[in-house]
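Participant: sequence plus the predicted model coming up.
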Amino acid sequence: MVIGTAGHVDHGKSALVRALTGTDPDRLAEEKARGLTIDLGFAWTELPDGGVASFVDVPGHEDFVRNMLAGAGGMDAVLLVVAADEGPMPQTREHTSIVDLLGIAHGVVALTKMDLVDDEWLALVQQEVVEGLAGTALAGAAIVPVSATRGDGLGALREELARLIRSVPPAQDRGRPRMAVDRAFTLAGFGTVVTGTLRDGSLLAGDTLELLPTGLRCRARSVQSHGRAVERALPGRRTAVNLAGLAASDVRRGDVVTRPEQYVPTRLIDLALRVLPDAPAPVRHDAQAVVFHGAAEVPAHVRVIGARSILPGDTGPAQLRLARPIVVCAGDRLVIRQPSPARTIGGGVVLCPHPRSRWRRHRAPTARRFSELASGRATHVTWHALAQHEPCPAERLRPCDTGLEADRRAAALDELVRSGRAVRLGALWITDSGWASLADRARAALAAYHETHPLRSGMAAEELRARLALAPEAFAAVCARAADEGWLLRDGASVRAREHGVELSAEQQAAADRLLARYKAAPFRPPSAKEAEAAVGPAVLTSLLERGDLVAVGGDVLFDRATYDALRQAVLQHLRSAGRITVADVRDRFDTSRRYALALLEHLDRTRLTRRTGDVHVLAGPAAADNGP
């Protein structure tokens, strides 16, 4: 478990960590020279019950709150340090607010420098701490007076820390590790080393890794935890990874080390934004802010949803537009500071890490979306995650999008289908509103096509698929669902609205009858396709072809259906008796021209009834005789 310090400058955080662990967390020369913690420090110790506590020591000076926040993102619990001779100070309160915003509900308060005050004063300070923590996540935390210099109370503090560790649920291994990098350096003989607190999964030596948001690939040459080389680093542990394939200059604080294809960085985040009661002013729409998440620090604009501002002490829906991408998951917490004058003003819970757009702020559907996401109900969260990717397979709903594991997500999808809020399309899923929208678009496309081409039996299926921008498997599932609902018919390579039918006008039908009579009058020397089009027009000719009254065999050659069937059957009979047929055979048998005979045989080759071998044509196979045109 990772315990982070918090508290005002000079209240003895580093001295206390040194007394508890035997390790000086101040590692920079400047820190030692000034006696002031500037950046994060790290140490660990074994506790009386055999447990291990990792400490992240943070700076307490107001100028280095940003460094404190880089460490706070990896804390499981907090060791709040208050000097007994001064009591709570400004950074005590700001650090407490940060811990509260991050939802860190486990902690111990150490009243340091107890040797500098009497018992009465110590009791007064203790009461002041209790009052200061009231209403925060640390309310009711144990308070232990200590002296780091004399050692008074250290035993009691160690025991309290051991109880604290036992009370915190172990970190879950969700199979999707991520480690926010809080330090990157080069170690002679090893190369690039990064450190951080590992979350949501394990890392193994030899793993192929990805550095986000840059997407650079690397390999875990070795892994350490608590100063020891390990084959597997477990979630909830301070971890160091020796990276092969990256230079330290490739890594910046706040980058995330993970396995490939696990997370997608984002620059747009939906959240429930809580403004601190002591914030100097409301958070107004389009306010500039600095967002802290994990170990990352990113400038951002705040889009307040449904209002002009969020008042101090209130929580409201908001969307963050980040200056650069970061890695977040649904349910993560972050902290927001105003850039000037620098001050912590609030924080929030991530509702959606990958919203598909900037929402219209004052629309009812937007308000409903945020309200449902904020409820935390699995069906609401899953529905909105599905709406971001639909139609999609369940596997595309990443846990980081919903905060739900696979079993809860599957149960939520099933419940959505039962309640009518989602539709299953084979292996794909889509929301009810998504399906309604998709169906409306398909109906509109078909209606427009039928209006433009009233004499065509249907629209090319591939054309409709392209208009709907669907993958082939998704389009097939959509057509099947639409057919089940009764508004679409698919016939091979074409689709049509069920109510669509081809009807020729009296004038068009008369022209068609005259053309068909010409084909019957000269069945083996019929009019060409150009002549037919000139006689009835392209629309009527297309209708006759689609209805099967005429058959196009290739080039400019058309036959009426009865003639085509007779020609095809005659060719089959000839092949069954003679085994082969030539263009001359067809020409002579039907007293036609070479042009028509060649077109017919090439057509039969294309339809795989026959195949050409040199100048002759033979049956393509035993089943070929049963194939239609």
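Facilitator: Good, I have the coordinates. Numbers count the residues shown, from 1 in each chain.

Participant: now do the domain split for this structure, please.
Facilitator: By the assignment in automatic domain parsing, the chain contains the domains 2-167, 178-258, 266-365, 366-420, 506-626.

Participant: tell me which of these sits nearest to L464.
Facilitator: Minimum separation from L464 across the domains of the chain (Cβ to Cβ) falls at domain 366-420, 15.2 Å. For the C-beta atoms, the positions are set from N, CA and C on the backbone; glycine is no exception.

Participant: which of the domains of the chain sits closest to A469?
Facilitator: Using Cβ to Cβ, the domains of the chain put domain 366-420 closest to A469, at 11.1 Å.

Participant: mind checking the end-to-end distance for the closest one?
Facilitator: This stretch, domain 366-420, spans 21 Å end to end (Cα to Cα, to the nearest Å).

Participant: and what of stretch 321-332?
Facilitator: Using Cα to Cα, the end-to-end distance of stretch 321-332 comes out at 17 Å.

Participant: what are the buried residues along that stretch?
Facilitator: With burial defined by 16 or more other Cβ atoms under 10 Å, the residues of stretch 321-332 counted as buried are 322, 325-332.

Participant: with stretch 92-100 instead?
Facilitator: Residues of stretch 92-100 classed as buried by neighbour count (16+ other Cβ under 10 Å): 92-100.

Participant: save the domains of the chain as TSV, and put in distance to A493 and mean pLDDT too.
Facilitator: Listed next are these as TSV, based on distance: least, Cβ to Cβ, whole Å; pLDDT from 0 to 100:
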stretch	distance to A493	mean pLDDT
domain 2-167	56	91
domain 178-258	40	94
domain 266-365	33	95
domain 366-420	22	90
domain 506-626	11	88
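
Participant: R481: which of the ones you listed is closest?
Facilitator: Relative to R481, the nearest member of the domains of the chain by Cβ to Cβ is domain 366-420, separated by 9.9 Å.

Participant: how far is that closest one from where the chain is centred?
Facilitator: 12 Å (Cα atoms, centre = their mean, to the nearest Å).

Participant: element containing A323?
Facilitator: Under the criterion of DSSP states H and E, A323 resides in strand 315-326.

Participant: coming back round to it: just name the closest of the buried residues of stretch 92-100 to E297, please.
Facilitator: The nearest one, if we look at those relative to E297 and count by Cβ to Cβ, is I98, at 13.2 Å.

Participant: can you list the neighbours in contact with the helix or strand in which A466 is found?
Facilitator: If you go by DSSP H and E, A466 is part of helix 461-468. If you take Cβ atoms under 8 Å, 6 or more residues apart in numbering as the criterion, helix 461-468 is touched by 438, 441-442, 445-446, 449, 472, 475, 478-479, 490, 493-495.

Participant: repeat the analysis, applying 6 Å as the threshold.
Facilitator: Applying Cβ atoms under 6 Å, 6 or more residues apart in numbering, the external contacts of helix 461-468 come out as 445, 475, 493-495.

Participant: only the buried residues of the helix or strand following it, if you could.
Facilitator: Later in the chain than helix 461-468, the nearest helix or strand by DSSP H and E is helix 472-485. Going by neighbour count (16+ other Cβ under 10 Å), the buried part of helix 472-485 is 474-479, 481-482.

Participant: quick one, helix 472-485 and helix 461-468 angle?
Facilitator: If you take axes from the mean of the first three to the mean of the last three Cα atoms, to 10 degrees, helix 472-485 sits at 100 degrees to helix 461-468.

Participant: sorry, back to before: go through the buried residues of stretch 321-332 and say which is closest to H11.
Facilitator: D332 (29.2 Å).

Participant: show me the contacts for the closest one.
Facilitator: V350.

Participant: please report how far it lies from R496.
Facilitator: According to Cβ to Cβ, to the nearest Å, D332 and R496 sit 49 Å apart.

Participant: returning to what we had before: output the buried residues of stretch 321-332 as a markdown table; include the columns distance to A272.
Facilitator: Formatted as a markdown table, these follow (distance: Cβ to Cβ, whole Å):
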| residue | distance to A272 |
| --- | --- |
| L322 | 17 |
| P325 | 21 |
| I326 | 18 |
| V327 | 19 |
| V328 | 14 |
| C329 | 15 |
| A330 | 11 |
| G331 | 11 |
| D332 | 12 |
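
Participant: OK, contacts around I326?
Facilitator: So I326 contacts 293, 296, 298 (Cβ under 6 Å, 6+ apart).

Participant: just put the residues you listed in TSV and tack on secondary structure.
Facilitator: Below are these laid out as TSV (DSSP: H, G, I helix; E, B strand; the rest coil):
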residue	secondary structure
H293	strand
A296	strand
V298	strand
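
Participant: buried ones among the residues you listed?
Facilitator: Buried among these (16+ other Cβ under 10 Å): 293, 296, 298.

Participant: TSV for those residues, including distance to K530?
Facilitator: Listed next are the buried ones among the contacts of I326 as TSV, based on distance: Cβ to Cβ, whole Å:
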residue	distance to K530
H293	70
A296	69
V298	67
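
Participant: from these, pick the one nearest E231.
Facilitator: Once Cβ to Cβ is applied, the member of those that ends up nearest E231 is A296, at 28.7 Å.

Participant: for G87, what are phi and psi?
Facilitator: Phi and psi for G87, reported as degrees, to the nearest 10, are phi 80, psi -170.

Participant: so it sits against V125, correct?
Facilitator: Yes - G87 is in contact with V125 according to Cβ atoms under 6 Å; the separation is 4.6 Å.

Participant: count of neighbours near L211?
Facilitator: L211 has 22 neighbouring residues, counting by other Cβ atoms under 10 Å.

Participant: and for the one 4 residues further on?
Facilitator: Neighbouring residues of G215 were enumerated by other Cβ under 10 Å; the total is 9.

Participant: so that it lines up with my notes, have the first residue be 53 from now on.
Facilitator: Taking 53 as the first residue, the last one we looked at is G267.

Participant: measure it to A348 for me?
Facilitator: Using Cβ to Cβ, we find G267 at a distance of 16 Å from A348.

Participant: ditto for Y648
Facilitator: Between Y648 and A348 the distance, using Cβ to Cβ, works out to 75 Å.

Participant: with T238 instead?
Facilitator: Counting by Cβ to Cβ, the gap from T238 to A348 is 22 Å.

Participant: which SSE is A584 in?
Facilitator: If you go by DSSP H and E, A584 is part of helix 581-588.

Participant: for the stretch 553-681 of the chain, just list every one of the strands.
Facilitator: 602-606, 609-612, 662-665, 668-671 (DSSP state E, counting those that start in this stretch).

Participant: columns distance to A105 and mean neighbour count on top of these, output as a markdown table?
Facilitator: Converted to a markdown table, the strands of the stretch 553-681 of the chain look like this (distance: least, Cβ to Cβ, whole Å; neighbours: other Cβ atoms under 10 Å):
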| stretch | distance to A105 | mean neighbour count |
| --- | --- | --- |
| strand 602-606 | 82 | 20 |
| strand 609-612 | 87 | 22 |
| strand 662-665 | 79 | 15 |
| strand 668-671 | 83 | 18 |
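
Participant: adding distance to R226, write those strands out as a markdown table.
Facilitator: Listed next are the strands of the stretch 553-681 of the chain as a markdown table, based on distance: least, Cβ to Cβ, whole Å:
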| stretch | distance to R226 |
| --- | --- |
| strand 602-606 | 60 |
| strand 609-612 | 65 |
| strand 662-665 | 58 |
| strand 668-671 | 61 |
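
Participant: would you mark the buried spots in the biggest helix by length in the chain?
Facilitator: Criterion DSSP state H: the longest helix present in the chain is helix 484-504. In terms of neighbour count (16+ other Cβ under 10 Å), helix 484-504 has its buried residues at 484, 486-487, 490-491, 494, 497-498, 501-502.

Participant: angle of it against helix 524-537?
Facilitator: On the basis of the same axes, to 10 degrees, helix 484-504 is oriented at 80 degrees to helix 524-537.

Participant: and helix 484-504, how far out from the chain middle?
Facilitator: Distance, centroid of helix 484-504 to centroid of chain: 28 Å (Cα atoms, centre = their mean).

Participant: repeat that for stretch 510-519.
Facilitator: Remark: stretch 510-519 is offset 29 Å from the chain centroid, using Cα atoms, centre = their mean.

Participant: buried stuff in it?
Facilitator: Neighbour counts over stretch 510-519 (16+ other Cβ under 10 Å) mark 510-511, 513, 516-517, 519 as buried.
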